[in-house]
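Please find the sequence and the predicted model below.
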Amino acid sequence: QVRVVESGGGLVQAGGSLRLSCAAIGSGFSTNAMGWYRQAPGKQRELVATISSGGTPTIADSVKGRFTISRDSAKNTVYLQMNSLKPEDTAVYYCNLRYSHDLYGSLRIDSWGQGTQVTVSS
């Protein structure tokens, strides 16, 4: 079974910074993409930032210039550096891993973390 383990998050004042980490754990898999989504109360889950296996990032317009996604391929880990945080960034942040597995050929599978709360106070 392939799973992701999140860390980071917490409470920070507006203008502050936080870093989220997400590690993929398992065997026999190949990462297609890995990244972060968020869901605020009463809103749909939305993409924040992802990075492809080739290293190409996709960043939501709402966080461009403030958030940076990076990865350590050797550790199957991605990081989300969040700077200049705003109260509207408050949400539960979910790590997503999209992968292929030796057992299932070209089928792409999503694995989600349990979520980590990020709260930005004004």
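Nice, thanks for sending it over.

Could you report the separation of the residue nearest the centre of the chain from G113?
Nearest to the geometric centre of the chain sits W36, at 2.2 Å (C-alpha atoms, centre = their mean). To G113, W36 is 9 Å away according to C-beta to C-beta, to the nearest Å. For every residue, glycine as well, the C-beta is placed using N, CA and C.

so what's in contact with these two at the same time?
With contacts defined as C-beta atoms under 8 Å, 6 or more residues apart in numbering, the residues shared by W36 and G113 are 22, 94-96.

Show me where the chain has its strands.
Assigned strands in the chain, in chain order: 3-7, 10-13, 18-25, 29-39, 46-52, 57-59, 67-72, 77-82, 91-101, 108-112, 116-121 (criterion: DSSP state E).

Scan the shared contacts of W36 and G113 and report the most crowded one.
C95 (28 neighbours; other C-beta atoms under 10 Å).

hey, what's it bridged with?
Per DSSP bridges, the residues bridged to C95 are W36.

my read: it touches A33, true?
No. The pair C95 / A33 is not scored as a contact, 11.5 Å apart, by C-beta atoms under 8 Å.
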